[in-house]
Structures are given as structure tokens and as C-alpha cells.
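> Here is my input; please provide its structure:
(2 chains)
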Amino acid sequence: MAVNIFKKFTEGLSKTKNDLSGKLDNLFKLHSKIDDELLDELEEILITSDMGVESTMEIIDKLRKTVKDEKLKDQQSILSALKRHLKDAIMEGESFDDSTLETPMIILIVGVNGVGKTTTIGKLAHRYQSMGKKVLVAAGDTFRAAAIDQLQIWCERAGVDLIANKEGSDPAAVIFDSIQAAKARGTDILICDTAGRLHNKKNLMNELNKIFRVAEKEYDKKHKQVYLVLDATTGQNGIIQAKTFKEVAKIDGIILTKLDGTAKGGIIIPVQKELDVPVKYVGLGEKLDDLQLFDPNNFVDAIFE
Amino acid sequence: MIFESLSNKLQGALNKLKGKGKLNEKDIDEAMRDIRLSLLEADVNFKVVKDFIKSVKERSMGSEVMESLTPGQQVVKIVNEEMIKILGEKESKIQFSSSEVTVIMMCGLQGAGKTTTAGKLALRFKKQNKRPLLVACDIYRPAAIKQLEVVGKSVEVPVFKIEGETDPVLIAEKSLQEARKNGNDVLIIDTAGRLHIDEKLMAELIQIRNRVKPSEVLLVLDAMTGQDAVKIAESFNKDMEITGLILTKVDGDARGGAAISIRAVTSKPIKFVTTGEKMADLEAFHPDRMASRILGMGDLLSLIEKAQESFDSKKVKEMEEKLRGQGFTLDDFLDQMEQMKSLGPLDQLLEMIPGANSKQLKNLKIDEKELVYIKAIIQSMTKKERKDPSIINGSRRKRIANGSGTSVQRVNKLLKQFIETQKMMKKMGGMNKMMKKGGRFKMPF
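Coordinates of the predicted model:
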């Protein structure tokens, strides 16, 4: 029966992050030649990274062709060809450098429940603050219990101010007030928290759209960024999440969180393909400086680690 | 809603098979490919899918399908059975301890929804006339304790916390004393979200467990989780010996394959699903219903089983042989009708008839009264007439009409239909290609 076979398989796996690289070594030991079986196993690595079947098949097909065209024979060259194709699949764009951010800037942080929006805001505030920017945070999650308190603590850690109203108040109004405060104080970067919402809840998405319009009214394109926070553990649902949030709040970038676990975050590959939205940052832990610029090379390497 | 879209995709794959009277390996391979794809797109773990497909395929290639008159339906049945094997059959309830306090411990990754779910559980127990106590053991996440307090207040359940205490093990231990003192009979311990690979924090969880000896250790898992769900559940299960799962955020549109993966890997039951932002949005999980829902089976499954019990498959096979040759008589026809009538409403049954295309059948309403007439007419014939309807001349027709209380026109209609069917069967018997494309035998009504 399925269950038992699988148990046997997984019992052998250690729980550390290294299990894939060990697997890869074994793979190459097993397959001295490059054959279909090897490609199947590489396919498995890609699918288990949450890349999705379609993107995986595309990349494996490309790899198959490259192997043939370039007459690749050894494992190192096939692996680097695969990594090359993966990097090609990740959006190039101009490499993102936040030290030259336009100011004044408003940043809206959006996403479904539990992806790490509030924590990410704490880290972003700290990051910009350390760059010498004047940062203000807006407590736009007026729904979840104690969300404002949580954000308050992060702001204290980062040493930035927070504009907040009562729990249950209108989030668009909080954002509006924060914008006025940011203008009055000469703030460089205003970071706005929003409540987590499932993308298929129409009312909540309308509420987000209202918040977005408040920001859009006061800041032009150059001075406004909307970042979707995406949990690296997310499966194929990430695609529709990103799609819906883009429709409602024109997201400019993705922040991929919880990459310090065993999840690989492969979902960003189909997401980028479909939506043309780049990944800007990655979240790697719960400390203030556990936030880094997204690096496609590191990301691809990590898939095979 | 969760599983909905997985259900649509799987049904699409299976519907292709349903219509076929005969299956070859290619048909099955194609269906397996479609099933594999829909499961993977639903985030069922790669390895789980592989094993699932393997067992379904093995069984599908076996005699139970190949020798069946309804091979497509048999494959559907196998897929459903294998799915139930994974998901489990019965609802799994919370185990209340026989001692005075039942301890329930929540664990999971960050952002899975532990705190909110703890509140929802508390409300549920309160409604069951229990006296729950929520315990704030998440000392790490900023304002997590405050969040539990707000949640507790909204469901009017007390929250136990120790201001400034940094040892969750101690908080848990003290909460047990508090519960005994205050007569609380259910303790719900909220713990900090943690990565399954964080050895230090996992060790802390183990310590709490050892200290408070929970009767339930529930892993809270986000329904949107992808391939990694397997690793997460394996680790938590290994370290914590979880007793079950709560799947959260199922009101999203994730296909929920993680639930299938986790069951396959840990064999631990999904006890609840959470379905919304309100505190009452917690539902018991019924795996069997979920499996049926995934496959869009509804009552059809039991119908198939019923048919298997009632239909003597050898007899049906004989009938089929007769149909192909010329031996099919009105007697056989009546026989077949009797068998079918014992099964229930006809329009539902028709879906199981080999070769019947459910889409075509949708618009086709069967008048069951018509069958009563047919039966009466056939029973008013002599044995000889039933064997060879060609001898039924004008006066015989009149007699049959009178005997059955119908009209000559009805008798004529039936005979015409029967002869047409017989002709068609004969034709089809010689044309195998057509048989593969179309139905195998059509009923003359």
C-alpha cells in the first residue's frame, strides 16, 4: 500500500536541509550516464520545490535539448545546464538595489493570512532605517487580534515610529492618516501593514483596493511600491494568490518569506512567468536583519542543497 | 472551497474512462497521466502521487477491471477506494482524557493559525458544556500572548499566562495546576510557531509534552502548503507523536493536496478544518465524505457496489454474448429489465450502464411507467413468441394487447424497437471498431 512504501522512503531521510544534496550525489552515482531516469529524478527535485508541473516540464524539456545539442556527458555539466535554465526562468530585470529608492516612498505590504507580513515590515523598517532613511510605519491591520501590538513591538525594535488607530477601525482611514503624518514629518519611506486576507474573499479584497486607491491618490508610480508577501511553503495556490492581489493592488514585487525552513519556494517561477512580477526580498528568520535582497543564484543553488 | 478544483480535474480524467466499454493499457496510462497531473497541481506530494498512481494502475490492469463489463467505472471505484485508504474513513474525534483535565497541545509552523484555532477549539468545547482554559505558551512572537487574550475574551474563555515568564515549559506546567484549582476540564496549550528543523525549539516542545502529558497533540497546518507539507508533518510527528491535524484556511481556494500527503505519510487523522475568520468557523472533518467530494462521486459509488451485488456478472456476460449474436430474445430482455429494476431509480442507474454517456443521459428522461407496459406486454406473449417474435402476426398482436391491457400500437412499438436493437447488435458485433468508439449495447427504450 502507498502509505508503507512512502514511510520506508522517508524514514531514510534526515530532517536536515542537506537531504537533497545527498540525494543529488546519490543520483549521479546511480546514473553514470545521462538517461531518462536521471531526467525523471531531476524532474522530481523541481516538482518537490513547488515549481509546478508545467514549469518543471518546460525546464526539463529545455534541458533535454541542451543535453543533446551540447552533447553533455558528465554530471557537473548537466547540473550547471539545469541551473542555467532555472536562472533563465527567473525574471532578469534590472537588478534591484534598494539603497537608491526614490523618496518619499510609500510601500504597501499585502498577502494572505500568516505569511509573515508584520514580521517582514519590522525587518524592512530596520533595513531602511539602517540606510539612514527616515521611516514611518502604518498599522493597517486593524482586524487581527493584537496585530497592532505585534507591529508596535517590531517598530520599537527597529527604532521607528508607528501610526496606529484602534483595533476594528477603518484601515483605509489609518493609511490616509499615516500618509498625512508622513508628509508632515518629512518621512522618506512609509511602510503600511495590511490585514492578511484570503484572495478569494471579495469584500476583503475590495477593502484592500480601497487602501490601494488611497495610496495611489497621494503617491505617483515612482513613489509607490506594493509588495506581496508569499510564504515559501506555499504550493500551487501561490499563483492565484499573486494573480488576484495583482489585479486588486497592482503588486510591484514579491517578498518570499520563511526560506530558512526546508521549503524551496519554487512557486515563484510559475508566478513570475505568469505575472511578470520580480522577487525583491527573501525572509530568512525571525531576527531584525533576517531579510535579504533576492539573489537568483543563491535561490537556484538552494533548490539543490 | 478546498478540493473543489482537484475534484473537477480528477473527474475530467475519469470521465474519459467512464464512457469506454473496453479499456486497454493506453487508455489507463492516459488516465493515470491526467490523474497524476491533477494531484500534483493540487500540491499532493510527488512521492505520494507516485505511489498512489502505482497502486491504482496495478489494480486497474488486473482482472477486476479488465474482465468487468464496466471497466471505466471500476477504475473510478479503485481511485476512490485508494483515496479513502489514504484519507481514512471515519471522522476522528477529540480524545477526552478520563482524568479530570484533558490536555490539548497545539503545534505547527509560524503563521499556520495556531492561536486563532486555539480560540475556535475553546469555543467549540465551551458549547459542549466543557470548561476550557487557554494557555499562552508562545513567549517568542511579539504580542502573541496579547493575541490569545483577545481571542479568549471574544469567546469568553479564560487565558492563563505568566507575565514575564520566559520558560514555556513552566507556564504549561503551572497551567495544569491552575486548571485543577479552577475546575477547568480542558486545557488548550498554544505554542509558538517554529520550523520543524529548529532543533532547539523542537526540544522545547518535547519538554512541554513530557511535562503535561497531553491526550491530543494537534499539528496545525495551512491548507495552502505545498510539497514541503510532508517534511513538516514527518518531523513534527517524529518529535511530537502528533495525534491529529487541524487544516486551516480551507476557505481559500487551495486544492488541499497537503492534506492527502500528510495522511499518506503519517497516517494521522485530520480532526478539524477551519473555514473562516469567525470564531465559530471550525468544522469536524469527514474523510469519507471528502474522498467522495474529491472524486465527485456522491451516491454513485454505492450504486456501483449495489450493482455488483445484484448483477450476476456471468449472467450479464452471457447476455452480452447473446446480444452480439442473434440469440437475444424478448425473454432475455425482460430478465435484464427485472435485474435493473431491483437497483433503484433508472436515470441514476443508467449512468452505470456500459457505454452510457452521462452527458447524453442528462437530457434523457426515462418514463418508468413505460417499463411497466413493456413488462406486461412481454409477459402476455407465449414462450414461443418470446423466442421468435417474427411469428407474432396481427391476431397475436391483438391478443397480446388485450392480455397486457395495452394497445396494439404499443405492442407494435415494442416489437419494432426490439427488432431494431437486435439488428443493431448484430451489426455492432461485426464491427469492433465501432464498439470501441460507441456504446456496447443500448437498451431498446
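> which stretches of the stretch 51-200 of chain A aren't confidently modelled?
Counting by pLDDT under 70, the low-confidence segments of the stretch 51-200 of chain A come to A:92-94.
> Which positions in it make contact with chain B?
Contact residues of the stretch 51-200 of chain A with respect to chain B, defined by C-beta under 8 Å from any C-beta of the partner chain, are listed as A:52-53, A:112-116, A:143-147, A:149-150, A:152-154, A:167, A:198-200. Glycine gets a C-beta too; all of them are placed from N, C-alpha and C.
> quick one, what contacts the residue in the stretch 51-200 of chain B positioned nearest to chain A?
Distances from the stretch 51-200 of chain B to chain A, computed as C-beta to the nearest C-beta, single out B:Gly111 as the nearest residue at 2.9 Å. Remark: with contacts taken as C-beta atoms under 8 Å, 6 or more residues apart in numbering or on different chains, B:Gly111 is in contact with A:113-116, A:231, A:258, B:193, B:222.
> any idea where the strands of the chain begin and end?
By default, I'm working from chain A. In order along the chain, chain A carries the following strands (DSSP state E): A:105-110, A:135-138, A:161-163, A:189-192, A:224-231, A:253-257, A:279-283, A:291-293.
> Hmm, no, I was thinking of chain B.
Taking DSSP E as the criterion, chain B carries its strands at B:102-107, B:132-136, B:159-160, B:186-190, B:216-222, B:244-248, B:270-274, B:282-284.
> any chance of the ones you listed in JSON lines, with mean pLDDT, distance to chain A and mean neighbour count too?
JSON lines is the format used below for those (pLDDT from 0 to 100; distance: least, C-beta to the nearest C-beta, whole Å; neighbours: other C-beta atoms under 10 Å in any protein chain shown):
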{"stretch": "strand B:102-107", "mean pLDDT": "98", "distance to chain A": "14", "mean neighbour count": "25"}
{"stretch": "strand B:132-136", "mean pLDDT": "98", "distance to chain A": "11", "mean neighbour count": "27"}
{"stretch": "strand B:159-160", "mean pLDDT": "98", "distance to chain A": "11", "mean neighbour count": "23"}
{"stretch": "strand B:186-190", "mean pLDDT": "98", "distance to chain A": "12", "mean neighbour count": "28"}
{"stretch": "strand B:216-222", "mean pLDDT": "97", "distance to chain A": "6", "mean neighbour count": "26"}
{"stretch": "strand B:244-248", "mean pLDDT": "95", "distance to chain A": "8", "mean neighbour count": "25"}
{"stretch": "strand B:270-274", "mean pLDDT": "93", "distance to chain A": "11", "mean neighbour count": "23"}
{"stretch": "strand B:282-284", "mean pLDDT": "89", "distance to chain A": "15", "mean neighbour count": "16"}
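> can I get those strands in CSV with distance to A:Lys87?
Converted to CSV, the strands of chain B look like this (distance: least, C-beta to C-beta, whole Å):
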stretch, distance to A:Lys87
strand B:102-107, 37
strand B:132-136, 45
strand B:159-160, 49
strand B:186-190, 42
strand B:216-222, 29
strand B:244-248, 35
strand B:270-274, 38
strand B:282-284, 44
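> For the nearest residue to B:Ala229 once chain neighbours are set aside, which residues are in contact?
For B:Ala229, ignoring the flanking residues on the chain, the nearest one in space by C-beta to C-beta, 6 or more residues apart in numbering or on different chains is B:Ala258 at 3.7 Å. Applying C-beta under 8 Å, 6+ apart to B:Ala258 gives the contacts A:235, B:43-45, B:221-226, B:229, B:247.
> Also A:Ile268?
Contacts for A:Ile268 were tallied using C-beta under 8 Å, 6+ apart; they are A:90, A:230, A:238, A:254, A:256, A:279, A:299.
> let's see it at 10 Å
Shown in contact with A:Ile268 (C-beta atoms under 10 Å, 6 or more residues apart in numbering or on different chains): A:49-51, A:89-91, A:230, A:232, A:234, A:238-239, A:242, A:254, A:256, A:277-279, A:282, A:294, A:296, A:299.
> still on that earlier bit, list just the nearest of the contacts of B:Gly111 to A:Leu136.
The nearest member of the contacts of B:Gly111 to A:Leu136, counting by C-beta to C-beta, is A:Gly116 at 20.6 Å.
> residues near the residue in the stretch 1-150 of chain A that chain B sits nearest to, how many?
Taking C-beta to the nearest C-beta as the measure, the stretch 1-150 of chain A has A:Gly114 as its residue closest to chain B, at 2.9 Å. Counted by other C-beta atoms under 10 Å in any protein chain shown, the residues lying close to A:Gly114 total 25.
> which residues does it contact?
A:Gly114 sits next to A:144, A:196, A:229, A:231, A:233, A:258, B:108-114, B:116, B:193, B:222, B:224, B:248-249 when contact means C-beta under 10 Å, 6+ apart.
> Look at residue 76 and say how many residues are nearby.
Unless you meant another one, I'm taking chain A. Burial measure for A:Gln76: 9 neighbouring residues, criterion other C-beta under 10 Å.
> wait, I meant chain B there
A count of neighbours around B:Val76, defined by other C-beta under 10 Å, yields 25.
> ok, for it, nearest residue in space, not its chain neighbours?
Nearest residue to B:Val76, sequence neighbours excluded (C-beta to C-beta, 6+ apart): B:Leu14, at 5.0 Å.
> my read: that neighbour touches B:Met83, true?
No: between B:Leu14 and B:Met83 there is no contact, the gap being 11.4 Å when judged by C-beta atoms under 10 Å.
> before we move on, back to that, what's the ChimeraX syntax to select whichever of the contacts of B:Gly111 are buried?
This is how ChimeraX selects the buried members of the contacts of B:Gly111, with burial counted by 16 or more other C-beta atoms under 10 Å in any protein chain shown:
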select /A:113,114,115,116,231,258 /B:193,222
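> Between the contacts of B:Gly111, which sits nearest A:Leu101?
Scanning the contacts of B:Gly111 for proximity to A:Leu101, where the rule is C-beta to C-beta, the winner is A:Gly116, at 21.4 Å.
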